Structures are given as structure tokens and as C-alpha cells.
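Visitor: need a structure here:
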Amino acid sequence: MASPDPYRIGTVEELRALVGESSPAVAAKLGTVLDEHARAFIARSPFLVLATSDREGHEDVSPKGDDPGFVAVDDDRTLLIPDRTGNKLVFGLQNIVANPRVGVLFMIPGTGETLRVHGMAELTRDPAILEHLAARGKPALLAIRVTVEECFFHCAKAFLRARLWRPETWAPLHVSFGRMLAPKLSPDKDATEPLAQAIDQMIDEDYRTNL
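Guide: Now for the predicted structure:
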């Protein structure tokens, strides 16, 4: 039997001894409603990540994006997030049905600060809401209604360390779903490369025509 890891942090007390306590000024930024600052941020945000988990705690984090302001603020405690065509795995949506607790992180390109929202979510297919969230002439497929319980701005340190918004540091990576999937779909090695190219072409076409 392996001996316990002497460096493992196993209690909140050990964690606080290492990290320290937050200042009253930091705690003061925590809110329970979407004030004018949060609303202005959401109105300019084209991208968010949505964190969910099922009843057993198995988690999922899903990106969602569209034109700035694609998320509607229904009132100071309610967000409406559109869901559009995707890969149909619906991991996050299934999680919301099982466990309504969610976390949302809003981002604005070029802005180091982010907006964090925690709350309770539900799915709706209300036609009026879906039409309100329409884009490119099509209503949303469904909507995620989030009742806000906590809302606050996160500082820019992670983005500054990552140099995330500095184009001169970018090194884009081409992700080939074809090369990942072809060996799993065909046992014929000679057919793998043509199949990979066909899959990538299909995905590129889907990107162009099915947003």
C-alpha cells in the first residue's frame, strides 16, 4: 500500500495557511444581481463557457458563442442563453436536466477581466424566447434560463500570464477530426488518409453552412 502523499492539501485550513485570506475589498465585489456593470459586460461578450455537472458530480464545460450580446438579460436575476445546432452530444444540457446548478464565465476579446455567474438553470422551448434569441434568421433551438445567485468580476492576472490577447504570442493549431476518427472508423490503413480528408472537408463545410 502506498504511503500517504505528505504534500497533499487535504483540509481548508491547510489551504488557507498556504494561500492566505482574501481582503474585505475582494469579498465586497461578490454580488447577487446583474448590476449595470455586469449587464454592460454581457452586452459586449461574444463568448462564454458553461460549467455543469450531473447528479453524481460528473462535470462538463461547454463553450458557447455568437455575436456580442447573444445572451439576453431578462431581468437583474435572469439570463437567457441560446443553444443552437451542435454535435448533439448534449452533455451539458443533460446535466442541467439532472442537476440545475451551473457556472458561467463571460469573456470579451482583448479584455483581461471576466464575469463569473453562478446560479440555477432550466431548459425552455418557449417560442417567444427562442425567437427573441434568433440569429442569422433562425430562432434558437432551445434556451437555458439561468437564475442568478452570485455574480462577480474576476481579475485579469490569468489572461496577463497567458498573454492570451497578444496576437504575437499566438501559435494556432489545426485540429483534424478526420485524422482522429478515420483510424477508428476504418480498419483498412490504405483508406485512412482519404477518409480523414473527407471527414475534414465535411466538417469545414458544416462550419461554413450550419452555424
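
Visitor: Okay, strands next: where are they in the chain?
Guide: Assigned by DSSP state E, the strands in the chain fall at 47-53, 59-65, 72-75, 78-83, 101-107, 114-124, 142-154.

Visitor: What residues sit buried inside the longest one?
Guide: If I follow you right, that is strand 142-154. 142, 143, 144, 145, 146, 148, 151, 152, 153 (16 or more other CB atoms under 10 Å). Every C-beta, even on glycine, is put in place using the N, C-alpha and C of the backbone.

Visitor: Is it possible to get JSON lines of the residues you listed that adds pLDDT and distance to residue 10?
Guide: Formatted as JSON lines, the buried residues of strand 142-154 follow (pLDDT from 0 to 100; distance: CB to CB, whole Å):
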{"residue": "142", "pLDDT": "97", "distance to residue 10": "41"}
{"residue": "143", "pLDDT": "98", "distance to residue 10": "41"}
{"residue": "144", "pLDDT": "98", "distance to residue 10": "35"}
{"residue": "145", "pLDDT": "98", "distance to residue 10": "38"}
{"residue": "146", "pLDDT": "98", "distance to residue 10": "33"}
{"residue": "148", "pLDDT": "98", "distance to residue 10": "32"}
{"residue": "151", "pLDDT": "97", "distance to residue 10": "31"}
{"residue": "152", "pLDDT": "96", "distance to residue 10": "28"}
{"residue": "153", "pLDDT": "96", "distance to residue 10": "31"}
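
Visitor: What count of nearby residues applies to the closest residue to residue 196 other than its chain neighbours?
Guide: Residue nearest to residue 196 in three dimensions, not counting chain neighbours: residue 178, with 3.4 Å by CB to CB, 6 or more residues apart in numbering. The number of residues packed near residue 178 is 21, by other CB atoms under 10 Å.

Visitor: cool, the one 3 residues further on as well?
Guide: By other CB under 10 Å, 16 other residues sit near residue 181.

Visitor: can you list the domain ranges for the protein.
Guide: Following automatic domain parsing, one gets these domains for the chain: 24-162, 173-209.

Visitor: Tell me which of those is the most buried.
Guide: Mean neighbour count (mean count of other CB atoms under 10 Å) peaks for domain 24-162 among the domains of the chain, with a mean of 16.

Visitor: how far does that domain stretch from start to finish?
Guide: End-to-end span of domain 24-162 (CA to CA, to the nearest Å): 27 Å.

Visitor: Tell me which residues are up against the longest helix along the chain.
Guide: The single longest helix within the chain, with elements called by DSSP state H, is helix 189-209. Helix 189-209 is touched from outside by 176, 177, 178, 179, 181, 182, 183, 185, 186, with contacts defined as CB atoms under 8 Å, 6 or more residues apart in numbering.
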